[in-house]
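Colleague: sequence-free structure coming up:
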C-alpha cells in the first residue's frame, strides 16, 4: 500500500479531528523499551492488578480503580489501571474525556477510533465506518492517548499470541458528560468503575475484518519508519522473543519502605516504682528505652490516645529486622516447646487471644493506668514461659515543658539455668537494637495515622 512518511525528532504523534464536534484524538509515542519488555510488563501488571481490592473483570478489559474522587477538595478526577489482552475488546465509548499512558505488548497494538453520535448512527449506519481511523503502535512502546467523551474506540493486539497493552487512565472529571441516571448516581457516590462508565457499540455496527482492513491506517514508530525492512525485522524479533521473557522464577512481590526518622532514644535501668516494678519485683534483667518528642511533633491531645496509636504501631509497623530475628529464634526454640511469636518479645503479648482486659477497646493487656488529666498513660504487657517470665511497660508521659516521653520498659525473671543462658545471649541485642527499633517504628506509625494503611494487613495471633 503506497503511503508517505513524516519524520520527527521529538515524540512522533498524530491528531485525529472529531467529526461530531467533540475533542480530538491524540496519540503520542514516548519511548521504545527493550526487546520483549512489553509482554513482561503487561503480564506483571496484570497479575498485580488482579490482586487489587477494586479489581473487576468485565467487557474483556480487566481493570482496577487505583484512586477515587476527592470532591471535598474540589477534585473530581479518578485513576484506573486496565489491561487489554490478545483478543482485544469490543468497540465502546465513555461519557467523559479520557487520558491514559500505556505500554504495548511485544507484538504492538492497534488503536481504533470513530466519531459517531447516536443520531448519526440512526440516520446513517455507514457513518461509523466513514469516521473510523486506525493507529498502529509498534511493539514494546510507551505511548499516550487522549480523546474526548463520546469517542468510540477499540484496542487490539497485532498478534493473537501477545497482549495488547497495559494502561494507567486518568478520568479528569468522573462526572463529565451525558450518562445514565444509574451510572451518574454510582459516580456521585464515588463508587464508579470502568464497566459502569462504558457504553458498548451495538453489534450491528461492528466492522467486519474486511471492512476494517479497508479503513485508513496511521503507523507510528521510533528508530525506523514502519514500512522499512529494519522496522519489520525489529517487530518480528520482538514478537518471537516477547513470550520467552514472560517466564520468571521470582514470586510476585512488592515492597513499600518508609524510612524511620532518627528519633532520639536513651536507655536506662527499669524504674523501681510503678506498674512494672510491682508486677515483677524479683527480676534478674531489666531495661527501659525512652524516646523523647517535642510538643510540635504530635497532634495528640491525650496520653491515652497517643498510647493506643503506639500500641497499634507495634502491630502494624514492626521492624523487618526484628521480624527476621524472631523467625530465627522461633525455629531454634521450637524443639524445646518454648513460646513463639511473630512480634518482638517486649510486646508479643499484644497478639494474645485473651481479651479479659483490653486497652483502647482492642489491645490485650495485663493492666492499664491513666491519670485523671490524661497526661500519663501506661499499660502492662507480658507472658510466662518454661524458662522465664517477662513483663513490659509501654508508657506515655506529657511533661509540663511540652516534651512528650514514650518509654518501653522490660523486666525478666529467669526460672532455670537455660533461662539465664538465654538472656545472656540476647540481652545486648535486646537493649541496643530490638527495643529501640520497636519503639521507633511504633512511634513513627503513631505520628502518621493518615499513612496507617501503608503497612498492609495488621498482624494476627
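Modeller: Nice, thanks for sending it over. Predicted model only: the values in this text are computed from it and were never measured. Numbers count the residues shown, from 1 in each chain.

Colleague: neighbouring contacts of the helix or strand of the chain with the lowest mean pLDDT?
Modeller: When each helix and strand of the chain is scored by mean pLDDT, DSSP states H and E, helix 229-241 comes last, with a mean of 71. Applying C-beta atoms under 8 Å, 6 or more residues apart in numbering, the contact partners of helix 229-241 are 35-36, 38, 106-108, 138-140, 159, 161-162, 221, 223-225. No exception for glycine: its C-beta is placed from N, CA and C like everyone else's.

Colleague: Which of the residues you listed fall in helices?
Modeller: residue 38 (DSSP state H).

Colleague: which one of the contacts of helix 229-241 sits closest to residue 309?
Modeller: Among the contacts of helix 229-241, residue 38 lies closest to residue 309 (C-beta to C-beta), at 44.4 Å.

Colleague: Once you drop chain neighbours, what's closest to that closest one?
Modeller: Excluding the flanking residues, the one nearest residue 38 by C-beta to C-beta, 6 or more residues apart in numbering is residue 140, at 3.9 Å.

Colleague: Run a quick check on the one you found versus residue 32, I expect a contact.
Modeller: Yes - applying C-beta atoms under 8 Å as the test, residue 140 and residue 32 come out as touching, 6.6 Å apart.

Colleague: So between those two, which is more surrounded?
Modeller: Neighbours were counted for residue 140 and for residue 32 using other C-beta atoms under 10 Å; residue 140 has more, 30 against 18.

Colleague: show me the contacts for that one.
Modeller: Residue 140 makes contact with 32-39, 103-106, 238, 242, according to C-beta under 8 Å, 6+ apart.

Colleague: Mind doing that once more with 10 Å?
Modeller: 31-41, 103-108, 222, 234-235, 238-239, 241-242, 245 (C-beta atoms under 10 Å, 6 or more residues apart in numbering).

Colleague: Also residue 141?
Modeller: By C-beta under 10 Å, 6+ apart, residue 141 lies in contact with 12, 29-33, 37-38, 102-105, 108-109, 165, 220-222, 238.

Colleague: Roughly how far does it sit from residue 213?
Modeller: The gap separating residue 141 from residue 213 is 22 Å, by C-beta to C-beta, to the nearest Å.

Colleague: I'd assumed residue 370 was in contact with residue 397.
Modeller: No - counting by C-beta atoms under 10 Å, residue 397 stays clear of residue 370, with 11.5 Å between them.

Colleague: Now list whatever residues contact both of those two.
Modeller: 303, 376-378.

Colleague: Most widely separated two among those residues?
Modeller: Largest pairwise distance in the shared contacts of residue 397 and residue 370, by C-beta to C-beta, is 8.6 Å, between 303 and 378.

Colleague: how far away is residue 71 from residue 438?
Modeller: Counting by C-beta to C-beta, the separation of residue 71 from residue 438 is 40 Å.

Colleague: For those two, work out which one has more neighbours and name it.
Modeller: Per other C-beta under 10 Å, whichever of residue 71 and residue 438 has more neighbours is residue 438, with 25 against 12.

Colleague: Am I right that the more buried one sits in a helix?
Modeller: Yes - Residue 438: assigned to a helix according to DSSP: H, G, I helix; E, B strand; the rest coil.

Colleague: wait, what's in contact with the closest residue to residue 75 other than its chain neighbours?
Modeller: Among residues not flanking residue 75 along the chain, residue 69 sits closest, at 6.3 Å (C-beta to C-beta, 6+ apart). If you count contacts by C-beta under 10 Å, 6+ apart, residue 69 has them with 75-78, 171, 173-175, 187-190, 192.

Colleague: do residue 16 as well
Modeller: Residues in contact with residue 16 (C-beta under 10 Å, 6+ apart) are 24-27, 111, 113-115, 131, 133, 135, 147, 151, 216, 218.

Colleague: and if we set it to 8 Å?
Modeller: By C-beta under 8 Å, 6+ apart, the residues touching residue 16 are 24-26, 113, 133, 135.

Colleague: for residue 98, same thing?
Modeller: Shown in contact with residue 98 (C-beta under 8 Å, 6+ apart): 145-147, 149, 151, 169-171.

Colleague: quick one: which of these is most hemmed in?
Modeller: residue 171 (27 neighbours).

Colleague: and that one, bridged to which residues?
Modeller: With DSSP bridges applied, residue 171 shows beta-bridge pairing to residue 78.

Colleague: ok, now how distant is it from residue 75?
Modeller: To residue 75, residue 171 is 11 Å away according to C-beta to C-beta.

Colleague: now do residue 93
Modeller: 24 Å.

Colleague: Check residue 204 too.
Modeller: 39 Å.

Colleague: what do you get for residue 345?
Modeller: 46 Å.

Colleague: can you check residue 351 too?
Modeller: Applying C-beta to C-beta to residue 351 and residue 75 gives a distance of 39 Å.
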